[in-house]
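[1] Give me the fold of what follows.
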Amino acid sequence: MMRVGASGRFKILPVPSLLLLLAPYLVFSIEVTTPAELHAAVGDVVTLKCSFRSTSSPTSKMTVDWSYRPQTGGAPETFFHFSSQVFPPTQGQFLDRIRWEGTPSRGVASISLINATLKDNGTYTCSVRNPPDVHGSPTSSIVLTVTPKKSSIRFSDVSVLIAFILVPSGMLTLILIGRMYCCGNRHSQSEAYRSNIEVTEGVGYAAAREKGRTCYERCLTDSEDEDYYYHQKKRHPHDDEDYADSQV
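    I've put the predicted structure just below:
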């Protein structure tokens with residue numbers, strides 16, 4: 001680069017001086033973004049989203065780190081690392097519960113947390129490095145809140161309720177209706193078997209007895225009396241006629 005001196009002549013500046021002058025315009029930067037908050041229920045698979053923009057294309061030197069700080073506080077602890085390949089947790093509460101969801105070529109550095117628990121509440125920080133992009137905003141954090149799962153009635157629960165409560169109740173109702181219908185028919189048939197003398201003599205007694213009984217008791221009693229009367233009638237068909245002749 002040339003510079004005009006005091007004597008009016010141009011001087012060539014050395015290369016280091018040129019780089020210092022252009023340094024503010026040659027800074028490589030990276031920007032990492034994540035959701036500010038995330039809510040999940042116990043047992044859910046939670047995707048911790050992380051994306052980045054870099055002035056340079058991702059290379060084999062690019063790294064991704066995820067750290068966790070409990071809700072109760074304390075120093076952040078790195079539990080996941082990516083550098084050309086995945087390095088999942090080998091111990092601790094995240095063992096066998098982290099799945100890599102990243103695609104560096106598309107600027108994605110997300111992970112999934114499997115089977116979330118109440119102990120997972122806290123702050124998760126995503127950090128991406130892609131040399132020579134080392135400046136800018138290389139980290140971003142998510143506050144995860146895990147709550148107990150709300151109970152809900154599933155279709156299977158409804159099916160069990162119907163099978164063990166409603167169906168038996170419906171069957172019992174049909175049986176009672178059928179019983180009452182049969183009792184009415186049997187009562188009508190028994191009246192046809194009885195003679196005029198029996199009906200006339202038993203009106204007063206039967207009326208008094210019927211007042212103090214429920215419909216169900218009447219049905220049971222009538223059924224027993226009618227069965228006995230019917231069988232006796234078949235065994236001694238002339239008893240009623242003899243009784244009537246004696247009264248005459």
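
[2] after the lowest-mean-pLDDT helix or strand in the chain comes which helix or strand?
    Sorting the helices and strands of the chain by mean pLDDT, DSSP states H and E puts helix 15-22 at the bottom, at a mean of 44. Moving toward the C-terminus from helix 15-22, the next helix or strand (DSSP states H and E) is strand 29-33.

[3] in its sheet, what does that next one sit against?
    strand 51-54 (antiparallel), strand 135-137 (parallel) (DSSP bridges).

[4] quick one: buried residues of the first one?
    The reference is to strand 51-54. Using 16 or more other CB atoms under 10 Å as the test for burial, strand 51-54 gives 51-52, 54. Every residue, glycine included, has its C-beta placed from N, CA and C.

[5] I'd like those residues written out as JSON lines, with distance to T34 added.
    Below are those laid out as JSON lines (distance: CB to CB, whole Å):
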{"residue": "S51", "distance to T34": "8"}
{"residue": "F52", "distance to T34": "10"}
{"residue": "S54", "distance to T34": "16"}
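
[6] and which of these is nearest T117?
    The shortest approach to T117 among those belongs to S51, at 26.1 Å (CB to CB).

[7] check contacts around that closest one.
    32-34, 107-110 (CB atoms under 8 Å, 6 or more residues apart in numbering).

[8] so which of these is the most crowded?
    For these, the largest number of neighbours (other CB atoms under 10 Å) sits with A109, at 28 neighbours.

[9] Tell me the spacing between it and L172.
    Plainly put, A109 is 64 Å away from L172 if you go by CB to CB, to the nearest Å.

[10] Could I get the contacting residues of S112?
    Going by CB under 8 Å, 6+ apart, S112 touches 45-48, 98-99, 101.

[11] In what element of secondary structure is it found?
    Per DSSP H and E: strand 111-113 holds S112.
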